[in-house]
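[1] Give the three-dimensional model of this entry:
(2 chains)
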Number of protein chains: 2
Amino acid sequence: MDEFGLIERYFTRPARHPEAVLGVGDDAALIALPGARAQLAVTTDTLIEGVHFPQGAPGYDVGYKALAVNVSDLAAMGARPLAFLLNLSLPEADPAWLARFRDGLFALADAAALDLIGGDTVRGPLSITITALGTVAPGAALRRNGARPGDRVYVSGLLGEAALGFFTRSGRLALPSVFHEQVLARLDRPFPRIEEGQALVGIASAAIDISDGLVADLGHILKASGVGAELDLRRLPLSEAYDAAFPTVGYDPALVFGDDYELCFTVPPERVKALAGITPRFACGFHDIGGIVAGSGLVLRDGQGVYTPARAGYNHFDG
Amino acid sequence: MDEFGLIERYFTRPARHPEAVLGVGDDAALIALPGARAQLAVTTDTLIEGVHFPQGAPGYDVGYKALAVNVSDLAAMGARPLAFLLNLSLPEADPAWLARFRDGLFALADAAALDLIGGDTVRGPLSITITALGTVAPGAALRRNGARPGDRVYVSGLLGEAALGFFTRSGRLALPSVFHEQVLARLDRPFPRIEEGQALVGIASAAIDISDGLVADLGHILKASGVGAELDLRRLPLSEAYDAAFPTVGYDPALVFGDDYELCFTVPPERVKALAGITPRFACGFHDIGGIVAGSGLVLRDGQGVYTPARAGYNHFDG
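    Got it, this is the predicted structure:
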């Protein structure tokens, strides 16, 4: 069963506190407390050994990434990171691994300015659940449902780097060694687009972070907004490393692998100039890859015609 | 390694957002958003199959209790439940089990008025992490650090019922069958003391919920408050079922087993009358079991002298 279908089918129902609870189904839920000058964005993700990271993965990278994937959800809402809770299930208390895990976790907590405010430590199979909290001005959060026909579609940074890192580490891709460090770092230690997300408030009409791949994540925007999109694959932001791999891997790693933790967002034509105004502040760049259209579905064109990727997005309950 | 020692040793450091982040180390953390007329209490707990509930446990009970243990933490803060997030790790998507899990979860969510606002579903060993959010007036939250010498020590309801349920189910206790349903219900479906906790705001000087046993949990109040306590075990609120088991089990199930999800709280002498004023509203009753003293440590007396329980509290990283 589909992860999203599973949640929708079993766990969706009307809210009891509609005055306080907003944004369910977005990258983060939003809590509006009476009188507050900021809303609270709340998001949570679980990483399981053997599913989301390999057995024996370095503690530092596991700690860093477990927090990074949650902070990326806050970034996609345009929220300012505030705090997080850590639920750690450990088969045994190995002080050396735990110290490295802590160092990776706090490296990102420091860089992104989050406090650890609670959690739970239990004995069990290795897994990490983090719940991250951020603040955003009332009504300012970037949602998934605001894209309209005529909006341009953008992504930040580079796509497919994490995929190249994964394929390089697993030996499935013989990338020139000069690129190894770069793609492995993008896989292991992505830095969430926190400042970028906050700067897009008032400019982007919809946003999401790319965790499951561009096709799947832009698909969430399209579904929530009731629109379609057409992308020109020749405009995808790809690195020199990707160029070197392209004859072997084609477009798919940039489209359906995920784990890039870049932002995908839409901008109405009248705000494209405002986007250009903030772009110089961010080294990652914002790249126009296509446009929103009426209707539904995503059409990819590669210059020869319509392109269909091999598989659409990562899903834990696929077959 | 000790669960609490592990967290303290590896994960404690000063807050970056001291204006917003309060109450760390209490039953829930408190978030104070600028201008808000309520603070947000946030708590999280993980339940693992084979550790916190047996393999093959009924889905309904697992769903109910996973939420109940978190709502109990909100109750201990005097908070009003608002919403929760659900992280579910499932080895496979079994629709029948999942439907029963959902029914148990939502039975308590309905009774306690919480919205499900987010979460994550992944494939992995069966475990459930719930993060619960509640609201409390600024400065009103019941904390662990407010007990002072001369305060009286109270518990709500009955102690040791969940232990009797556990021993009955595992065949280690031959309790008269007339009591089985009662003690198993207390083990499987404890109802958090939500209304009681909110009513204790302004009356109790400190509070905690009894998840790890009275000795361990009152111990957290004593440590956080820098005080000691003396209890008279003859005043412990024990049921008829417990009276029947007492010759076999003695006081320990009421002292060190946990899982009762009652409240333990302290009340200054000048507010004992106020407590008496609200007591008739609550069928569970509030029971004076001793007093706070200067110094440190917990002294238990049973009429014959000082009593020492067999073990002090449940801890996942003991031996």
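[2] so where do the strands sit in chain A?
    Per DSSP state E, chain A carries strands over the ranges A:21-22, A:29-31, A:39-48, A:80-90, A:115-123, A:127-136, A:152-156, A:206-209, A:228-232, A:263-267, A:286-293, A:297-301, A:306-307.
[3] Any residue of the fourth one touching chain B?
    Yes. Residues of strand A:80-90 contacting chain B under C-beta under 8 Å from any C-beta of the partner chain: A:L82, A:A83, A:L85, A:L86, A:N87, A:S89. From N, CA and C alone the C-beta is placed, and that goes for glycine too.
[4] And these, which is closest to A:A112?
    Ranked by distance to A:A112 (C-beta to C-beta), these are led by A:L82 at 10.0 Å.
[5] which residues does that closest one contact?
    Counting by C-beta atoms under 8 Å, 6 or more residues apart in numbering or on different chains, A:L82 makes contact with A:L40, A:L114, A:D115, A:L133, A:G134, A:T135, B:H17, B:A20, B:V21, B:I31.
[6] Just give me the closest of the residues you listed to B:E161.
    B:I31 (33.8 Å).
[7] so the closest one makes contact with A:F84?
    No. B:I31 is not in contact with A:F84 according to C-beta atoms under 8 Å; the separation is 11.6 Å.
[8] Mutual contacts of those two, please.
    A:I117, A:L133.
[9] Distance check, A:P280 against chain B.
    29 Å (C-beta to the nearest C-beta, to the nearest Å).
[10] Count the neighbours of A:S239 for me.
    Counted with other C-beta atoms under 10 Å in any protein chain shown, residues neighbouring A:S239 total 19.
[11] try A:G285
    A:G285 is flanked by 14 other residues according to other C-beta under 10 Å.
[12] ditto for A:Q304
    Look at A:Q304: counted by other C-beta under 10 Å, it has 7 neighbours.
[13] Please apply the same query to A:I208.
    27.
[14] hang on, it packs against A:G219?
    No. With contacts counted by C-beta under 8 Å, A:I208 stays clear of A:G219, the gap being 9.4 Å.
[15] Go ahead and confirm A:A66 touches A:I128.
    Yes. At 4.4 Å, A:A66 and A:I128 qualify as touching, with contact defined as C-beta under 8 Å.
[16] anything in contact with each of those two?
    Taking C-beta under 8 Å, 6+ apart as the contact rule, A:A66 and A:I128 both touch A:L47.
[17] A:D212: which of the residues of strand A:80-90 next to chain B is nearest?
    Closest approach between those and A:D212, by C-beta to C-beta: A:N87, at 22.2 Å.
[18] for the closest one, what are its contacts?
    Counting by C-beta under 8 Å, 6+ apart, A:N87 touches A:119-122, A:128-131, B:44-46, B:87, B:129.
[19] run the last query once more with 6 Å
    A:G119, A:D120, A:T129, B:T44, B:T46, B:T129 (C-beta atoms under 6 Å, 6 or more residues apart in numbering or on different chains).
[20] Grab the nearest non-local neighbour of it.
    Once flanking residues are discounted, A:N87 sits nearest to A:T129: 4.1 Å by C-beta to C-beta, 6 or more residues apart in numbering or on different chains.
[21] That neighbour - how many residues pack around it?
    So A:T129, with other C-beta under 10 Å, has 31 neighbours.
[22] re the thing from before, may I see the strands of chain A arranged in a markdown table, with mean pLDDT as well?
    Output for the strands of chain A, formatted as a markdown table (pLDDT from 0 to 100):
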| stretch | mean pLDDT |
| --- | --- |
| strand A:21-22 | 80 |
| strand A:29-31 | 93 |
| strand A:39-48 | 94 |
| strand A:80-90 | 94 |
| strand A:115-123 | 90 |
| strand A:127-136 | 96 |
| strand A:152-156 | 98 |
| strand A:206-209 | 98 |
| strand A:228-232 | 98 |
| strand A:263-267 | 98 |
| strand A:286-293 | 98 |
| strand A:297-301 | 97 |
| strand A:306-307 | 96 |
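[23] among those strands, which is nearest A:F191?
    strand A:152-156 (11.1 Å).
[24] The closest one: partners in the sheet, and parallel or antiparallel?
    strand A:263-267 (antiparallel), strand A:286-293 (antiparallel) (DSSP bridges).
[25] Run a quick neighbour tally on A:A254.
    Neighbourhood size, A:A254 [other C-beta under 10 Å]: 28.
[26] so what's it up against?
    For A:A254, the contact set (C-beta under 6 Å, 6+ apart) comprises A:L159, A:G160, A:L236.
[27] how does it look with 7 Å?
    A:L159, A:G160, A:L214, A:L236, A:L238, A:Y242 (C-beta atoms under 7 Å, 6 or more residues apart in numbering or on different chains).
[28] Can you read off the pLDDT for the first one?
    In this case it means A:L159. pLDDT recorded at A:L159 is 98.
[29] Quick one: the helices in chain A, in order.
    With DSSP state H as the criterion, chain A has helices at A:3-11, A:59-76, A:95-112, A:161-169, A:180-188, A:194-199, A:214-225, A:240-249, A:252-256, A:272-278.
[30] ok so, going back, which among the contacts of A:A254 gets closest to chain B?
    A:L214 (20.5 Å; C-beta to the nearest C-beta).
[31] residues near A:L105, how many?
    For A:L105, using other C-beta under 10 Å, the count is 28.
[32] State the distance from it to chain B.
    Separation of A:L105 from chain B (C-beta to the nearest C-beta) stands at 8 Å.
[33] Relative to A:L85, how far out is that residue?
    Taking C-beta to C-beta, to the nearest Å as the measure, A:L105 falls 12 Å from A:L85.
[34] Wait, A:T168 touches A:H180, no?
    Yes. With contact taken as C-beta atoms under 7 Å, A:T168 and A:H180 are classed as touching, separated by 5.9 Å.
[35] residues contacting the residue lying closest to A:P176 once chain neighbours are set aside?
    Leaving out its chain neighbours, the residue that sits closest to A:P176 by C-beta to C-beta, 6+ apart is A:A244, at 5.7 Å. Applying C-beta under 7 Å, 6+ apart, we find A:A244 in contact with A:L175, A:P176, A:F179.
[36] Excluding chain neighbours, give the residue nearest to the last one in space.
    Going back to what we said before, that points to A:F179. Per C-beta to C-beta, 6+ apart, closest to A:F179 is A:A241, 3.7 Å.
[37] Run through the residues that contact the one you found.
    A:A241 sits next to A:L164, A:L175, A:F179, A:Q182, A:V183 when contact means C-beta under 7 Å, 6+ apart.
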